[in-house]
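# Using only what follows, build the 3D model:
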Amino acid sequence: MTQQDRPSLSTIRPDAPGRAPGPSRTIRPSLTSRAPALLFLLGFTAVYLIAVATRFGQLAENSLIKGFADSAWVFQWTGPSDGWGPPLLMHNSAMPTLAAGTVLIAAVALARRCWWHGFAAISVVVATVGGTEAFRAVLPRPDLAGATEGLTEASFPSGHVAIVAGLTLGAVLVTSPRVRPYVAAAGMLWLAFTAAAVQALYWHRPSDALGATLLACACYSLAARLLPPTTAAGPKRRPRALPAIALVLSAAGALAASAREDSATRPLAFAAAALLCSALVLIAVADRDQRRAA
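Now for the predicted structure:
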């Protein structure tokens, strides 16, 4: 072959058979993909510092608490004070809901024989609920706004919301990739309803619900990052419209649970905070799925 007959480098196709593929471009991981748990913890800290540790934050949240709990639409669901009520709308229902949900997560892990995922899921629940109780005991609520006695009690973060968020994210860890999006969507609706309800009943402030959710997302992100990688058999079909549908349903549940007879505007703040809780769960789950698929 003469020199003229030899193909030049510019005429060789990059995808020609027998040619080794060139080096692929290296995509630097973003801060979110490298440390999502840290970002959630920073958000947790920011919510506390802004809403609880400043006069402006306390005045803003205290202005939402006017009237009595029985004006909330969900008050009729709470039942008698010493009886049984719907899940997490009664203080007496919180611990049985936590116990039943933890047993269910363990049963799914045993059925699927995913031991590490089951241990991680239960750890997320325990760390979220235990961390919530610990933070509430050590994080003060200084009286910076001259509030009445009923508005000075420390309530950050919310134990009710922590139970729902922890159980939801724990269930996401042990379910199969095919079922996981639907479990997350159902948990988002449950979380939005509960977060809005405890605010409308004046059991908690918006910052309490957000703080508990951020703590749960931090625990979930850390557990998901420490889990060993799993190989799924065959490609997975992801319902593209499901996240949007889940957010719409969460918004509807939040609006319904936050409704009150004595106001039409203040419940909108409760619903917005509850919807943000659901969005945080969606972000945490989506971040894990993206890192697994990368």
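# Ramachandran coordinates for the closest residue to C277 other than its chain neighbours?
Distance criterion C-beta to C-beta, 6 or more residues apart in numbering; nearest residue to C277, sequence neighbours excluded, is T213 at 4.1 Å. Glycine gets a C-beta too; all of them are placed from N, C-alpha and C. Note on T213: its backbone torsions stand at phi -70, psi -40 [degrees, to the nearest 10].
# And the pLDDT at T213?
With respect to pLDDT, T213 scores 98.
# Please give me every residue in contact with it.
Applying C-beta atoms under 8 Å, 6 or more residues apart in numbering to T213 gives the contacts 161, 165, 191, 195, 276-277, 280-281.
# Pull up the gap between it and S93, please.
Applying C-beta to C-beta, to the nearest Å, the value for T213 to S93 is 20 Å.
# quick one: the biggest helix by length in the chain to chain centroid distance?
The residue-count maximum for a helix in the chain (DSSP state H) belongs to helix 266-293. In terms of C-alpha atoms, centre = their mean, to the nearest Å, the centre of helix 266-293 is found 6 Å from the chain centre.
# ditto for stretch 186-199
Distance of stretch 186-199 from its chain centroid, counting by C-alpha atoms, centre = their mean, is 11 Å.
# so where is this protein shaky, pLDDT-wise?
Scanning the chain for pLDDT under 70 picks out the ranges 1-34, 79-91, 229-238, 288-294.
# again, 50 this time
1-33, 231-235, 294 (pLDDT under 50).
# any chance you could map the strands in it?
With DSSP state E as the definition, the chain shows no strands.
# Going by residue numbers, what spans are helices in the stretch 151-294 of the chain?
Applying DSSP state H, counting those that start in this stretch to the stretch 151-294 of the chain gives helices spanning 159-174, 180-200, 206-226, 242-258, 266-293.
# before we move on, back to that, could you measure from the residue nearest to C277 over to V103?
Here T213 is placed at a distance of 23 Å from V103 (C-beta to C-beta).
# One more: R240?
Remark: distance between R240 and V103 (C-beta to C-beta) = 33 Å.
# between those two, which one's more packed in?
Counted by other C-beta atoms under 10 Å, R240 and V103 do not tie: V103 has more neighbours, with 11 against 7.
# Do I have it right that Q199 meets S258?
Yes. Q199 is in contact with S258 according to C-beta atoms under 8 Å; the separation is 6.4 Å.
# Span of stretch 227-245 from start to end?
From its first residue to its last, stretch 227-245 covers 29 Å (C-alpha to C-alpha, to the nearest Å).
# need the contact list for the closest residue to R180 other than its chain neighbours.
Excluding the flanking residues, the one nearest R180 by C-beta to C-beta, 6+ apart is V172, at 5.7 Å. Going by C-beta under 8 Å, 6+ apart, V172 touches 180, 183-184, 187, 220, 285.
# Tell me the one among the residues you listed nearest to S63.
For the contacts of V172, the closest approach to S63 (C-beta to C-beta) belongs to G187, at 30.7 Å.
# The closest one: how many residues sit nearby?
Neighbours of G187 (other C-beta under 10 Å): 24.
# repeat for the one 4 residues further on
Residues contacting L191 under the criterion other C-beta under 10 Å number 31.
# gap between it and C277?
5 Å.
# hey, what's in contact with both of the two?
Joint contacts of L191 and C277 (C-beta under 8 Å, 6+ apart) are 161, 165, 213.
# Tell me who's in contact with L227.
Contacts of L227 by C-beta under 8 Å, 6+ apart are 116-117, 120, 173.
# what's the answer for R141, then?
R141 makes contact with 52, 152-156, according to C-beta under 8 Å, 6+ apart.
# How about A223?
A223 sits next to 120-121, 123-124, 173 when contact means C-beta under 8 Å, 6+ apart.
# Excluding covalently adjacent residues, which one is nearest to it?
Leaving out its chain neighbours, the residue that sits closest to A223 by C-beta to C-beta, 6+ apart is A120, at 4.1 Å.
# would you list every one of the helices in the stretch 1-150 of the chain?
Assigned by DSSP H, counting those that start in this stretch, the stretch 1-150 of the chain shows helices spanning 31-34, 36-47, 55-62, 91-112, 115-138.
# still on that earlier bit, Throw the contacts of L227 into CSV and include neighbour count and distance to A99, thanks.
Putting the contacts of L227 into CSV (neighbours: other C-beta atoms under 10 Å; distance: C-beta to C-beta, whole Å) gives the following:
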residue, neighbour count, distance to A99
W116, 14, 23
H117, 23, 20
A120, 21, 19
L173, 28, 18
